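> no sequence on this one, just coordinates:
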């Protein structure tokens, strides 16, 4: 048998080094040495002692809220990731030497603000948060029950999409009047373009806004 050819040394270029570069902040975090006995999930303390404790604490209603929070955070981050992919000129350069410049920070802040206008905001506020900071008692933003409450968020999403690659003329020329039929038509156009663009970019269906679970809706105040 012929001798096996020598193995080629793995190339460790800039892209490899970037993927395997250690995160200084994460490296500086202390490692927990003791046992975690309980966790606080919003207003509820969950004991982590035995399987019976977990069963009592993590009920189906709690699980539903945890899943809602994960879905909400995920769709916010997916929206940002898709925007970075389809409108790269509206984000600072990926060059590490330029990321921390004042111009890069300003560019990022501008685009993140545009994205936060699409996300559900608290009462009296204009911008939503990238990560969930409270569980509301009513559906907000693009998950609102009434079309009129969704309309402003649809306009914010359309404004974001206008700079996306291959934004359809149907969205560019869409009727944006605060009237039920045009608003519902605009919603269908935006949903179609968003889902198709996400699938074409990342190869799977996106996580989309969802309604609150029952446990959240029966509370008197957000937590």
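Nice, I can see it. Source: prediction; values computed, not measured. Numbers count the residues shown, from 1 in each chain.

> which parts of stretch 206-215 are buried?
206-209, 212-213, 215 (16 or more other C-beta atoms under 10 Å). Backbone N, C-alpha and C define where each C-beta goes, glycine included.

> Could you tell me the end-to-end distance of it?
25 Å (C-alpha to C-alpha, to the nearest Å).

> average pLDDT across that stretch?
Across stretch 206-215, the average pLDDT comes to 91.

> Quick one: residues in contact with that stretch.
Here stretch 206-215 makes contact (C-beta atoms under 8 Å, 6 or more residues apart in numbering) with 61-62, 64-65, 67-68, 71-72, 74-75, 78, 82, 135-139, 141-143, 145, 191, 194-195, 198-199.

> next one: stretch 106-121
Identification of contacts with stretch 106-121 by C-beta under 8 Å, 6+ apart yields 76, 79-80, 83, 87, 90-92, 126-130, 136, 140-143, 153, 156-157, 159-160.

> Repeat that for stretch 168-182.
Defining contact as C-beta under 8 Å, 6+ apart, one finds that stretch 168-182 is touched by 147-148, 151, 155, 158, 161-162, 183, 185-186, 189-190, 193.

> Mark which of those residues are buried, thanks.
151, 155, 158, 161, 183, 186, 189-190, 193.

> who's in contact with residue 122?
134, 136.

> Which parts of the chain are helices?
Taking DSSP state H as the criterion, the chain contains helices spanning 14-19, 24-28, 51-57, 60-86, 96-99, 102-116, 147-161, 169-172, 180-202, 214-217.

> My guess is residue 219 contacts residue 137. True?
Yes - at 5.0 Å, residue 219 and residue 137 qualify as touching, with contact defined as C-beta atoms under 8 Å.

> how near is residue 221 to residue 136?
Between residue 221 and residue 136 the distance is 9 Å, computed by C-beta to C-beta, to the nearest Å.

> How about residue 158?
Look at residue 158 and residue 136: by C-beta to C-beta, they are 24 Å apart.

> same deal with residue 217?
9 Å.

> In contact with the nearest residue to residue 213 once chain neighbours are set aside, which residues?
Distances taken as C-beta to C-beta, 6 or more residues apart in numbering put residue 64 closest to residue 213, at 3.7 Å, once the chain neighbours are dropped. By C-beta under 8 Å, 6+ apart, the residues touching residue 64 are 213-215.

> want to throw these into a markdown table with distance to residue 107?
Shown next, in a markdown table, are these (distance: C-beta to C-beta, whole Å):
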| residue | distance to residue 107 |
| --- | --- |
| 213 | 37 |
| 214 | 42 |
| 215 | 40 |
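
> The closest residue to residue 103 other than its chain neighbours: neighbouring residues, count only.
Spatial nearest neighbour of residue 103, excluding adjacent residues (C-beta to C-beta, 6+ apart): residue 92 at 7.4 Å. The number of residues packed near residue 92 is 18, by other C-beta atoms under 10 Å.

> pLDDT score for residue 92?
87.

> and it, how far is that from residue 51?
48 Å.

> same check, this time on residue 151
Per C-beta to C-beta, residue 151 is found 48 Å from residue 51.

> Residue 78 too?
Taken as C-beta to C-beta, the span from residue 78 to residue 51 is 34 Å.

> The two - which one has more neighbours?
residue 78 (17 against 7).

> which one is the more buried one nearest to, not counting chain neighbours?
Per C-beta to C-beta, 6+ apart, closest to residue 78 is residue 206, 5.4 Å.

> repeat for residue 101
residue 92 (7.8 Å).
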